[in-house]
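*Asks:* Make a model of this:
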Amino acid sequence: MTQTPNIPPVIESDEREYRDSGVPSTVAIAGHPFHPLIVTFPIAFLTGALGTDVGYWLTGDAFWARASFWLIGAGLVAGLAAAITGMLDFVKIDRVREHQAGWIHMVGNIAVLSLSLISFVLRWGNQTGAILPIGLVLSLFVATLIGITGWYGAELVYRHKIAVIGYGSNHRP
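*Replies:* Coordinates of the predicted model:
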């Protein structure tokens, strides 16, 4: 005789959430959310600046200092574009504001852009002199924060199904 296992209520709740088709992004091209696409650029640029700062620290080669300066500048521009699209979803989609992950993601990324702007201004006209130690420390903080805010951004997409194209509970791939 086989017994049917008891399913705890939390799993039933998770199953309902799994079947939820999600909320599409308010900023999309042909139904594809724009924010998750463009965040890859500031993530790459601003975490890359940590690598080039370490490169300067290890070699003393000014090339790495210039590379850091330009990566941070590009990260700021791309980050502003990502911030605009993300803020539009934050303001227009109630589900984003209902979850702690949405607030941590938004506030953390404002901190990322603020610290990056400080780092960029410090390096303006003195790219090599601004790296050790403050530029390197700022790059480390920025890269760490990006890791944390990226985690919460993924939480919004994969767990809370924000900015997804929903198929409903009958869809089976």
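*Asks:* contacting residues around the spatially most central residue of the chain?
*Replies:* The residue lying closest to the centre of the chain (C-alpha atoms, centre = their mean) is Gly150, at 3.6 Å. If you count contacts by C-beta atoms under 8 Å, 6 or more residues apart in numbering, Gly150 has them with Val39, Ile43. (Each C-beta comes from the backbone N, C-alpha and C, glycine too.)
*Asks:* Can you show me the helices along this structure?
*Replies:* For the chain, the helices defined by DSSP state H cover 9-19, 35-38, 40-59, 62-92, 94-98, 100-123, 136-154.
*Asks:* before we move on, the earlier item: would you mind measuring from the residue nearest to the centre of the chain to Ala28?
*Replies:* 20 Å (C-beta to C-beta, to the nearest Å).
*Asks:* same deal with Ile104?
*Replies:* 23 Å.
*Asks:* Over to Trp70?
*Replies:* 30 Å.
*Asks:* now swap in Tyr152 and tell me
*Replies:* Distance from Tyr152 to Ala28, by C-beta to C-beta: 21 Å.
*Asks:* got it, and Ile72?
*Replies:* In terms of C-beta to C-beta, Ile72 sits 29 Å off from Ala28.
*Asks:* more crowded one of those two?
*Replies:* Ile72 (29 against 16; other C-beta atoms under 10 Å).
*Asks:* tell me the contacts of the more buried one?
*Replies:* Ile72 touches Phe45, Leu46, Ala49, Ser116, Ser119, Phe120, Arg123, counting by C-beta under 8 Å, 6+ apart.
*Asks:* Most neighbours among these, which one is it?
*Replies:* That'd be Ala49 among the contacts of Ile72, by other C-beta under 10 Å, with 31 neighbours.
*Asks:* Isn't that residue up against Ala74?
*Replies:* No - shown here, Ala49 and Ala74 do not form a contact pair, counting by C-beta atoms under 8 Å, at 9.3 Å.
*Asks:* ok, back up a step: I'd like the helices of the chain as CSV, with distance to Val164 appended.
*Replies:* Output for the helices of the chain, formatted as CSV (distance: least, C-beta to C-beta, whole Å):
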stretch, distance to Val164
helix 9-19, 12
helix 35-38, 9
helix 40-59, 17
helix 62-92, 12
helix 94-98, 11
helix 100-123, 15
helix 136-154, 12
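*Asks:* how about the nearest residue to Thr149, chain neighbours excluded?
*Replies:* Nearest residue to Thr149 in three dimensions, chain neighbours excluded: Gly108, at 3.8 Å (C-beta to C-beta, 6 or more residues apart in numbering).
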